[in-house]
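S.K.: Any chance you could fold what I've pasted below:
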Amino acid sequence: MNNLGAHYYGGGRGFEQNFGKAMELYNMAAENGNRQAQENLGYCYYYGRDTEVDYEKAL
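M.R.: Have a look, this model is predicted:
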């Protein structure tokens with residue numbers, strides 16, 4: 001889920017860039033304990049990728 005989210009986040013390799021879909025996939029992976037997905041999700045909240053900037057959620 002994290003790797004698929006990364007494809008949507010960056011676009012390319014046949015994937016259209018879609019931050020919302022990436023965050024959805026990162027969230028699913030993070031809920032299952034994937035640490036990289038937790039970091040990626042934090043990055044999305046920190047920089048406001050398809051969401052409001054939220055430093056508390058980013059942390």
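S.K.: what helix or strand is the residue nearest the centre of the chain on?
M.R.: The centroid of the chain falls nearest to M23 when counting by Cα atoms, centre = their mean (3.5 Å). Using DSSP states H and E, M23 maps to helix 19-31.
S.K.: Remind me what that helix packs against, helices and strands.
M.R.: Contacts defined by 3 or more Cβ pairs under 8 Å, 6 or more residues apart in numbering; DSSP states H and E place helix 19-31 against helix 2-10, helix 35-47. Yep, even glycine has a C-beta here, placed from its N, CA and C like the rest.
S.K.: Turn those into a markdown table, columns for distance to Y55.
M.R.: Below are the helices and strands packed on helix 19-31 laid out as a markdown table (distance: least, Cβ to Cβ, whole Å):
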| stretch | distance to Y55 |
| --- | --- |
| helix 2-10 | 20 |
| helix 35-47 | 7 |
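S.K.: Tell me, how many residues neighbour R49?
M.R.: For R49, the neighbour count with other Cβ atoms under 10 Å is 16.
S.K.: For the residue lying farthest from the centre of the chain, give me its contacts.
M.R.: Distance from the centre of the chain peaks at G14, with 18.0 Å (Cα atoms, centre = their mean). Going by Cβ atoms under 8 Å, 6 or more residues apart in numbering, G14 touches no other residue.
S.K.: One more: A58?
M.R.: A58 touches G42, Y43, Y45, Y46, counting by Cβ under 8 Å, 6+ apart.
S.K.: Can I have the buried ones of those residues as a ChimeraX selection?
M.R.: Only the buried entries of the contacts of A58 go into this ChimeraX selection, using 16 or more other Cβ atoms under 10 Å:
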select :42,45
